[in-house]
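Enquirer: Fold the stuff below for me.
(chains A and B)
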Amino acid sequence: MLRGFWIAGVSLLLVIGAVLVGSGRERSVRQPIQFNHAKHKAAGLECSFCHQGVDGQAFAGLPPLETCAICHTAPMTESAEEAKLATLIVKGEPVPWQRLYGLAPHVFFSHRRHLQLAQLECKTCHGPIEDATTPPVRPAVKHSMKWCMSCHEQRGASLDCMACHR
Amino acid sequence: MSADKTQPLWGMVIDLDRCTGCQACVVACKQENNVPFSSREEAAYGREISWIRVMAVTEGEFPKVKIRYMPLLCQQCDAPPCTRVCPTRATYKNPQGIVGQIYPRCIGCRYCANACPYQVKYFNWYNWSHFRWPAEMRESLNPDVSLRPKGVIEKCTFCHHRLQHAREQAAIEGRPVESTDFVPACVSSCPARAMVFGDLRDPESTVHKLAASPRAFRMLEDLGTEPKVVYLKEGEWNATTGG
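Expert: Residues are numbered from 1 along each chain as shown, chains lettered A, B, ... in the order given. Purely as a prediction, here's the structure:
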C-alpha cells in the first residue's frame, strides 16, 4: 500500500516536472493581426519597406502604424484581418506586434553588418518567411551560438568572442 | 606583440603633463559603458566600479606638497597576466590585441582581478538590470554595451563596440580601418587632450610617434606585461619655485 503511494507520488512529480520543462522550451507567439508576408511580397514590396532598419541599423524593426497607413487607410480587401488594422489606424493606436526572434542581452547583432557587408539573404537566418501566408508562431530557424559559429566558420567571418558578445 | 601583424595594434598615450585630473574621462567612461553607480558605503567595501579612475599621488608635505594625477585604466597588456589564470577563457586577448572579457563565460572566480598588477578588473556585486537602473537614466543606456550580470568581472575594453562600428563603416566604404577611425569615450572627452589613441604599429600615427618620446614610460613595465597604454612623464615641477 505504502509502496503504491510512493510510486504514484514520484510519477506525479515527474509529470509536473515534464510539463514545466516543456512549457518553458517553446513559446508560441500570437500576432494581433494574421499578417500575410507572401501577399506583400507579391505586391512588390521589399523587406526593408516595413522592416525599416534592416539595411542600416542593428535592429530590423517592426512596421510602425504610419507605414501600414500608407496603403491601408482605405481597406484594399474584404479581409477581416485588414479590418482590424483599419480600426487601429482610425484610432491611431500602434499595432502591438510581438517580436518573434529574441536576442540574448549579452549578444550584439547587427542586421546592417549581415546584409550590407556579408550580403546575406533574409531567409538564411529567417527561413522562407517571405512565402508565409500566416505569421509564424515560432522561429523557423533556431539561433543558437553553435549555429552562428558554423556559418561564421564556413564564410570566414570573425570568430572572435568580442565580435558578438557585448 | 600580437600574433596577427596585419591588424592594427590599438594603443593609448596619456600625457601626464597635460592631465589636470578633471575626471571627465571617468564620467565619459561610465556613461559610455553603462558602468553601475556606487555609493560611499559601497566604495568603503571596495565595491566601486570605475573602468578608468584618476589616481592622485601626493608627494611631499605642506607647504612643499604636490599632487600628480594619473588616469588608470586597463593597460591592455600584450602579455596579460589576467588571461593566463582564467579557467574558462572568459578573458583573453583578441587578434587586435584588445583584452576582452566575455561576461557569459565568466564564473566570477576573480583569479584575473588578483593577477592584474594594475588592479583594474572589477567584480560586479550587484544584479543591475534595465529595470533597476534609475528610471531617469534608462534612456541613456548604451545599447551597444550590455549590463553586466551579478558575479562577473568587468573591465575596460578600449570601447571595443566603437571599434566594431568603425570597422563596419570602413568595410562598407571598402577600405581598411585607419588609425583615426575611432577613439574610446575617455579620449574623446578629454578637454586637455592629454589622451591620444591610435594604431601603435602605424609609423605615421600620433601614438606611435609619442610612444617613442624620451618622456614615454609604461606602468610597472619591469613586470613584462607589455602594456599598450603609454604614459608621458611630467616635466620636473617644483613647488617652491612654482614652475
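
Enquirer: Can you find the helix or strand of chain A with the lowest average pLDDT?
Expert: Least confident helix or strand, chain A: helix A:2-25 with a mean of 69, by mean pLDDT, DSSP states H and E.

Enquirer: and after that one, which helix or strand comes next?
Expert: The C-terminal neighbour of helix A:2-25 among helices and strands, as given by DSSP states H and E, is helix A:37-42.

Enquirer: Find the nearest non-adjacent residue to the residue in chain A positioned nearest to chain B, please.
Expert: With C-beta to the nearest C-beta, the shortest gap between chain A and chain B falls at A:Met162, namely 4.2 Å. No exception for glycine: its C-beta is placed from N, CA and C like everyone else's. The shortest distance from A:Met162 to any non-neighbouring residue, by C-beta to C-beta, 6 or more residues apart in numbering or on different chains, is to B:Gly100 (4.2 Å).

Enquirer: repeat for A:Ser158
Expert: A:His152 (6.7 Å).

Enquirer: Would you enumerate the residues in contact with the residue nearest in space to the middle of chain A?
Expert: Central residue of chain A (C-alpha atoms, centre = their mean): A:Leu100, 2.5 Å from the mean position. Each residue near A:Leu100 by C-beta atoms under 8 Å, 6 or more residues apart in numbering or on different chains is listed here: A:Val29, A:Pro135, A:Pro136, A:Arg138, A:Pro139.

Enquirer: where do the helices sit along the chain?
Expert: Just going to use chain A. A:2-25, A:37-42, A:47-50, A:65-72, A:80-91, A:111-112, A:122-126, A:145-155, A:161-164 (DSSP state H).

Enquirer: look at chain B instead
Expert: Going by DSSP H, chain B shows helices at B:24-32, B:40-44, B:81-85, B:111-115, B:160-172, B:185-189, B:206-211.

Enquirer: Out of the ones you listed, which is closest to A:His106?
Expert: helix B:160-172 (12.6 Å; C-beta to C-beta).

Enquirer: and the angle from that closest one to helix B:24-32?
Expert: If you take axes from the mean of the first three to the mean of the last three C-alpha atoms, to 10 degrees, helix B:160-172 sits at 80 degrees to helix B:24-32.

Enquirer: wait, A:Arg112 sits on A:Gln57?
Expert: Yes: if you go by C-beta atoms under 8 Å, A:Arg112 and A:Gln57 touch, sitting 5.9 Å apart.

Enquirer: circling back to that earlier point, run a quick neighbour tally on the residue of chain A closest to chain B.
Expert: Neighbourhood size, A:Met162 [other C-beta atoms under 10 Å in any protein chain shown]: 22.

Enquirer: give me every residue that touches it.
Expert: B:Asn94, B:Ile98, B:Gly100, B:Ile102, B:Thr157, B:His160.

Enquirer: Just give the closest residue to A:Met76, not the sequence neighbours.
Expert: Using C-beta to C-beta, 6+ apart, the closest residue to A:Met76 is A:Glu82 (6.8 Å).

Enquirer: how deep is that neighbour tucked in, by neighbour count?
Expert: That count, for A:Glu82 with other C-beta under 10 Å as the rule, works out to 18.

Enquirer: Now do it against B:Phe182, distance only.
Expert: According to C-beta to C-beta, to the nearest Å, A:Glu82 and B:Phe182 sit 47 Å apart.

Enquirer: Nearest to chain A: which residue in chain B?
Expert: Closest point on chain B to chain A, by C-beta to the nearest C-beta, is B:Gly100, at 4.2 Å.

Enquirer: That residue bridge partners, please.
Expert: Using DSSP bridges, the bridge partners assigned to B:Gly100 are B:Tyr92.

Enquirer: List the buried residues for stretch B:74-94?
Expert: Going by neighbour count (16 or more other C-beta atoms under 10 Å in any protein chain shown), the buried part of stretch B:74-94 is B:74-78, B:80-83, B:85-86, B:90-94.
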